[in-house]
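[1] please work out how this folds:
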Amino acid sequence: MKRFSLTFFIGLFLLLGFAGCEKKQVGAVQQMHWDRDMCERCKMAISERKFAVQIIDPKTGKDYKFDDLGCAVLWMDEEKIPWKEQAIIWITDAKTGKWIDARKAKYVSGAITPMAYGFAAYTEETVPKGVETLDYPKVAEKIEIIEKQNNKKVRSY
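    Here you go, the predicted structure:
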């Protein structure tokens, strides 16, 4: 009986020890803990499920979460991220809430987003009909212009 118990506990110990060694797939969307995960830039809780963003370092697999595309774009510039061009960027589709590749998404301006940058992402299938769409590089450029204008307004007070 003693021998069985010892073998049982060693087996259980090894099973639990290796259970925590699951390897994450690098570049895959990480689980979002809504209302608990904090935006990497503005430190607000990420609650809005239709404008969330994840940036993943392609070498390490470390993920960074954001509440608005504007925070994500500006964070990469402010932090001088050396892997910015290779970053894997996921954004939620504003219609379905599903994660889509931010670099392939179609963007529409005028949305009410958490940090008021105003860009909603869609796939080719979910984009509203008859609206002007922008690609990722153009949206990133517009976000930087919006940020510069906001900073000018703050300095003038």
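
[2] and for the most centrally placed residue in the chain, nearest residue in space, chain neighbours not counted?
    With distances taken as Cα atoms, centre = their mean, the residue of the chain nearest its centroid is residue 54 (1.4 Å). The shortest distance from residue 54 to any non-neighbouring residue, by Cβ to Cβ, 6 or more residues apart in numbering, is to residue 90 (4.5 Å). The way it works is simple: take the backbone N, C-alpha and C, and place the C-beta from them, glycine included.

[3] for residue 52, same thing?
    Of all residues not flanking residue 52 in the chain, residue 92 sits nearest, at 4.9 Å (Cβ to Cβ, 6+ apart).

[4] following the helix or strand hosting that neighbour, which helix or strand shows up next?
    Using DSSP states H and E, residue 92 sits in strand 88-92. Downstream of strand 88-92, the next assigned helix or strand under DSSP H and E is strand 99-101.

[5] paired strands for that following strand, with orientation please.
    strand 88-92 (antiparallel) (DSSP bridges).

[6] list the contacts of the residue lying closest to residue 127 once chain neighbours are set aside.
    Distances taken as Cβ to Cβ, 6+ apart put residue 106 closest to residue 127, at 4.6 Å, once the chain neighbours are dropped. Listed by Cβ atoms under 8 Å, 6 or more residues apart in numbering, the contact set of residue 106 reads 121-124, 127, 133-135.

[7] from the residues you listed, which ones fall inside strands?
    Among the contacts of residue 106, the residues falling in strands (DSSP state E) are 121-122.

[8] select from the contacts of residue 106 the one having the most neighbours.
    Neighbour tally across these (other Cβ atoms under 10 Å): the maximum, 29 neighbours, falls on residue 121.

[9] so, low pLDDT: which residues of the chain?
    Within the chain, the ranges that satisfy pLDDT under 70 run 1-2, 4, 6, 8-9, 11-24, 157.
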